[in-house]
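Chemist: based on what follows, work out the 3D shape:
(chains A and B)
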Protein chains: 2
Amino acid sequence: MADYQVPLKDMNFLLYDVFNADKLWQSLPTLAERVDRDTAEAILQGCAKIAEQEIAPLSRNGDETGVTFDAGNVTTAPGYKEAFKTYAEGGWTSLGGDPDFGGMGMPKMLTAFHEEMLCSADISFSLYPGLTAGAGLSLAKHGSEALKTRYLTRMYAGDWAASMCLTEAHAGTDLGMIRTKAVPQADDSYLVSGTKIFITAGEHDLTENIVHLVLAKLPDAPDGPRGISLFLVPKFHVNDDETIGEQNNVSCGSIEHKMGIHASATCVMNFDGAKGYLVGELNKGLACMFTMMNFERIGVGIQGLGAAERSYQNALEYAKDRIQGRSLSGVKSPDAQADSLLVHGDVRRMLLNMKALNEGSRALSTYVAMQLDIATYGTGEEQAKADQLVALMTPIAKAFFTDLGFESTVAGQQVFGGHGYVREWGQEQLVRDTRISQIYEGTNGIQAMDLLARKVAGSKGKLVLVFLEEVRAYIQESKNEAMQEFIQPLANATDELADLTEHLLLAAQTSPEELGCAANDYLHVFGYTAMAFVWAKMAEVSLAANDDKSFHESKVRTARYYFSRLLPRCQSLITSAKSGQSALFDIDEELF
Amino acid sequence: MADYQVPLKDMNFLLYDVFNADKLWQSLPTLAERVDRDTAEAILQGCAKIAEQEIAPLSRNGDETGVTFDAGNVTTAPGYKEAFKTYAEGGWTSLGGDPDFGGMGMPKMLTAFHEEMLCSADISFSLYPGLTAGAGLSLAKHGSEALKTRYLTRMYAGDWAASMCLTEAHAGTDLGMIRTKAVPQADDSYLVSGTKIFITAGEHDLTENIVHLVLAKLPDAPDGPRGISLFLVPKFHVNDDETIGEQNNVSCGSIEHKMGIHASATCVMNFDGAKGYLVGELNKGLACMFTMMNFERIGVGIQGLGAAERSYQNALEYAKDRIQGRSLSGVKSPDAQADSLLVHGDVRRMLLNMKALNEGSRALSTYVAMQLDIATYGTGEEQAKADQLVALMTPIAKAFFTDLGFESTVAGQQVFGGHGYVREWGQEQLVRDTRISQIYEGTNGIQAMDLLARKVAGSKGKLVLVFLEEVRAYIQESKNEAMQEFIQPLANATDELADLTEHLLLAAQTSPEELGCAANDYLHVFGYTAMAFVWAKMAEVSLAANDDKSFHESKVRTARYYFSRLLPRCQSLITSAKSGQSALFDIDEELF
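Modeler: Reported below is the predicted structural model:
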């Protein structure tokens, strides 16, 4: 496998040339105190170094060795413990954390790149700090001062890790059905009992303690999702002097054997009257969990991008080195026995699909991260608008980037031919590791329903208008002749998205099933259209640039590829989405 | 995992109701002697029994255990040896073989279903008899009487297996570069030396001997593909009394560790002056290998279908059993805590995609198998036409069915949610096992080039006309009002395929690269259009049927689903294919 090289130039291009992050940070008082361009560049460089040099080398062996389970204990793959120590000592566990409790408080625009680097290096490794950071967001927002002082500070310090315990065997998507119980005690604590499955990082040997955030119901709680509360359940009790005490009544019953992310421990967690502490209000547990969902779902989307970037780098190196066959337009390397794979149109197609989708995903995730930062740190109308865009774009970021990430890892594997199927090359691991990102943190089908039914239909289309207005304003302003090759198709795509939205909202008045039947197509149409928007923005910057000619030429040509070959995917999706629910629902269950 | 159930009803529907196989067999004298409907039904039932009861149960454990390698010896997974014995004793190794040497000489229309059943049951297992059958075709066509008497009879009997040794480390797609040498000896034999990689079933413990068909070059052979000859190299010499003699100088150096098909041995084979015998003419080795390619490539396509059928059966069972969430149009199971997954439009979409693509692939593969049978056993114009259709449709069958097969295994996995990612459910194995079918036996990119550059452009479009004429004649004859919902879109799709063909042939006159850039899109447009043709044929039969109401209603509704949701995929593909080579070739190598 090629050595992983962080695409720092592309990241800086997005931050400063396309989205003017430095100006944005200056304009938001909280962020202005914390970060400027110099700090940000130093952070990304530092992170690139640890991702390339410490984490990426663990991935192959981590896949082969995996985690091992023995009598409730989980041992991580060789090198993980040392790498996690280095990572924590570098302060990376606190990057996005609340500064009041020891976090660095960096904006999502930076932490998103940090996440991408980690996922390109090794998705399995990334999940340990990733889950801790996610739980940290929920705790920072909803935990009491006492809980935050005791636990959050240690999570940011990298002393302790965290897990999020939601799923039960019979309740995955439908969390309203969970059975885990929490019984109130006289000392304001709760005794939590139940079994959770699919708990990423539920048990491991990287840290001396693990902080579980657990969804459970009080004995007298209302039925369904409105009866769910959130509890902090530490693996080890913490003494009043902050030293580690006895083990709590929580244990790992087993680990799953999975298709990929072998070095990530996926645990069955048994809570047998484990002592826990309420986080947030009673019966508001789902809302507390969903606090971090917008951050986390984009993070999972970025897993797809991270693997896809690695896939592209590997496949490109292979395609340049491997000679096989001759160019259709005449021999290109007369002194060699064959031409390189790069002379073949179909190989170029696979590589350019990856390149255009990866750079587009990176740009779009940066755009969404920017909206998250404005929603978090901004004020007034701008903040309100950003909040709406975040709500709208989050399910797209999660599902679209992971679907494309999977496509790109499969395409990279195809470039390798037979070698892509053999484990030692590492390419097939990317396919296996990425596949889960389409499933967990809400399956991509659930994301599509969240987008179309909850966000779009739920707002009667208003959220979509917020996005359409921004894109249309951009189109209006783009009078530059050279840009019309991008602006015209972007305008068409935008109109078609608006039309599709209207069509589906109307159809849903007759049958609500229309939404479920069209949701997946709709999400992808939205994704490709939003990606066209950011590709146009990138092309605009690169067309005007005078420096670094080859970087900008590559950008413009990749933008052209996107508009010729990828944006047209909307046509079929729109036809399918508009074809209606009858083809799906006029067939009885027994006819399947 | 659900128990595998062979879709016998669908197979018989295709044979007798849609394609009138019994009448075809009667009309072809050679086949009329060998097979009628009763025989065929008995064969499929017998094969279904062994696939369901003997082979399918091996698959999960075969994946976990894999094959083991020790000092040149390969041990197959538990149960394989016994199952292969049962399989051989049942006569299944001779099913498609030449009757002059002990084969049953069954038509491809039957052996294709046999292949599907084996692949649904366990792709790894299917490869051992599959490779032997493939090598048998080549040997039957090109081997001398002596070689056939000595080796082919024993292969048909299931005493010995076979492998095909083509690929070398530096020569995969580009076989012209192979370096394996064959030096002529005084006794008309050759000493073969070289190393082959990726040799499926190159070594194993299922049979007492293995017959390798090896591509090699004579010392004075012309450069490139015109200097390649084919040799039969037995693992063990065979004495004049037909007993097994000494081991030949051929050995397995190692086996590959792969993403999937763990129970299939993928071997590095070392030939160190191994005694071999020429098959066919000197320097015509590639042609001898390609004899069986049309049969084999359809067979690999059917691997995709086999896995996809299994995926559908598993996912459907899971979707019916699993309750999660409520229907958008109101609660469907008020007594349960939630509705079944089947109430959700997006789950129906995934299941119906699988159902429509699988039944469509099965119908199209039956159509192609029928053309192969007419090409093999027919005469005159019909035979000539069938020969052309086989040449045209073979790359489509291989690439289209495997791309769709992969899509369907991934979709099935998605229906399972998190459980689809966990090994014990068997669903993720289908994804891993199927992935290779898009790569081996000529990558799908190579198939696309074979179709567009070699078959379509190579015939100046004439081969396409043979197909278009058949479809247009069918459209002309279909005056039935009820059929127009299928006939109209089929007619449009056919016109668009014709137009795309013309467009690309013209564009290629300016730049030959147009073919490479459009090949993948073109193959898929062709595939969806051809599948629309067979879906229309199936719908026609089912609309007219009076018996088995639910089977035929399911067919018609699935046909509607295909035309509403899947055929429209052509729109985007056509736009992409027509967008031209410049987006791919105006970007210099260093800009990737």
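Chemist: what ranges does the stretch 51-200 of chain A have for its strands?
Modeler: A:68-70, A:73-75, A:160-165, A:181-184, A:190-200 (DSSP state E, counting those that start in this stretch).
Chemist: for B:Ala397, find the nearest of those strands.
Modeler: With CB to CB as the measure, strand A:190-200 is the member of these nearest B:Ala397 (38.9 Å). All C-beta spots, glycine's among them, are computed from the backbone N, C-alpha and C.
Chemist: any idea how far that closest one is from the chain center?
Modeler: Its chain's C-alpha centre and that of strand A:190-200 lie 24 Å apart, by CA atoms, centre = their mean, to the nearest Å.
Chemist: indicate the residue of the stretch 1-150 of chain A located nearest to chain B.
Modeler: Going by CB to the nearest CB, chain B is nearest to A:Glu64 of the stretch 1-150 of chain A, at 8.7 Å.
Chemist: same question, the stretch 201-350 of chain A
Modeler: Of all residues in the stretch 201-350 of chain A, A:Gly345 sits closest to chain B, at 2.6 Å by CB to the nearest CB.
Chemist: return the residues in contact with that residue.
Modeler: By CB atoms under 8 Å, 6 or more residues apart in numbering or on different chains, the contact list for A:Gly345 reads A:328, B:513-519, B:581, B:584-585.
Chemist: the nearest residue to A:Pro225 once chain neighbours are set aside: neighbour count?
Modeler: Of all residues not flanking A:Pro225 in the chain, A:Gly176 sits nearest, at 4.1 Å (CB to CB, 6 or more residues apart in numbering or on different chains). With neighbours defined by other CB atoms under 10 Å in any protein chain shown, the count for A:Gly176 comes to 20.
Chemist: now A:Gly176: how far from A:Phe416?
Modeler: Using CB to CB, to the nearest Å, A:Gly176 is found at 45 Å from A:Phe416.
Chemist: kindly report the same for A:Thr402.
Modeler: 22 Å.
Chemist: swap in A:Asn358?
Modeler: A:Asn358 is 17 Å from A:Phe416, by CB to CB.
Chemist: neighbour count: the two, which is higher?
Modeler: The neighbour count for A:Asn358 versus A:Phe416, taken as other CB under 10 Å, is higher for A:Asn358 (28 against 23).
Chemist: how about the closest residue to chain B within the stretch 451-592 of chain A, secondary structure?
Modeler: Minimum separation of the stretch 451-592 of chain A from chain B (CB to the nearest CB) falls at A:Gly516, amounting to 2.6 Å. Three-state call for A:Gly516 (DSSP: H, G, I helix; E, B strand; the rest coil): helix.
Chemist: if we can go back for a sec, I'd like the contacts of A:Gly345 as a markdown table, with distance to A:Ala559 appended.
Modeler: What follows is the contacts of A:Gly345, written out as a markdown table (distance: CB to CB, whole Å):
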| residue | distance to A:Ala559 |
| --- | --- |
| A:Leu328 | 25 |
| B:Glu513 | 20 |
| B:Glu514 | 21 |
| B:Leu515 | 25 |
| B:Gly516 | 22 |
| B:Cys517 | 18 |
| B:Ala518 | 21 |
| B:Ala519 | 24 |
| B:Gln581 | 17 |
| B:Leu584 | 14 |
| B:Phe585 | 16 |
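Chemist: tell me the one of those residues nearest B:Thr409?
Modeler: B:Ala519 (24.1 Å).
Chemist: ok so A:Val268 is a helix residue?
Modeler: No: counting by three-state DSSP, A:Val268 is not found in a helix; it is strand.
Chemist: in this structure it contacts A:Glu203, no?
Modeler: No: in this structure A:Val268 lies outside contact range of A:Glu203 using CB atoms under 8 Å: 9.5 Å.
Chemist: quick one, which of those two is more surrounded?
Modeler: Legend: neighbour count by other CB under 10 Å for A:Val268 and A:Glu203, higher for A:Glu203 (25 against 19).
Chemist: how about that one, nearest residue that isn't a chain neighbour?
Modeler: Excluding its sequence neighbours, the residue lying closest to A:Glu203 (CB to CB, 6+ apart) is A:Cys252, at 3.6 Å.
Chemist: what sits against the one you found?
Modeler: Contacts for A:Cys252 were tallied using CB under 8 Å, 6+ apart; they are A:69, A:72-74, A:202-203, A:265, A:267-270.
Chemist: now it: phi and psi?
Modeler: Phi and psi for A:Cys252, reported as degrees, to the nearest 10, are phi -90, psi 120.
Chemist: ok, it to A:Leu591 distance?
Modeler: 44 Å.
Chemist: next one: A:Met259
Modeler: Counting by CB to CB, the gap from A:Met259 to A:Leu591 is 31 Å.
Chemist: likewise A:Leu341?
Modeler: With CB to CB as the criterion, A:Leu341 and A:Leu591 are 46 Å apart.
Chemist: please apply the same query to A:Glu242.
Modeler: From A:Glu242 to A:Leu591 the distance is 63 Å (CB to CB).
Chemist: between those two, which is the more surrounded one?
Modeler: Taking neighbours as other CB under 10 Å, A:Glu242 and A:Leu591 compare with A:Leu591 leading, 15 against 10.
Chemist: so the more buried one makes contact with B:Asp548?
Modeler: No: between A:Leu591 and B:Asp548 there is no contact under CB under 8 Å: 11.8 Å.
Chemist: get me the contact residues on the stretch 351-500 of chain A for chain B.
Modeler: Contacts of the stretch 351-500 of chain A with chain B, taken as CB under 8 Å from any CB of the partner chain, map to A:351-352, A:355, A:406, A:410, A:413-414, A:417-418, A:420-424, A:428, A:431-432, A:435-436, A:438-440, A:443-445, A:448-449, A:453.
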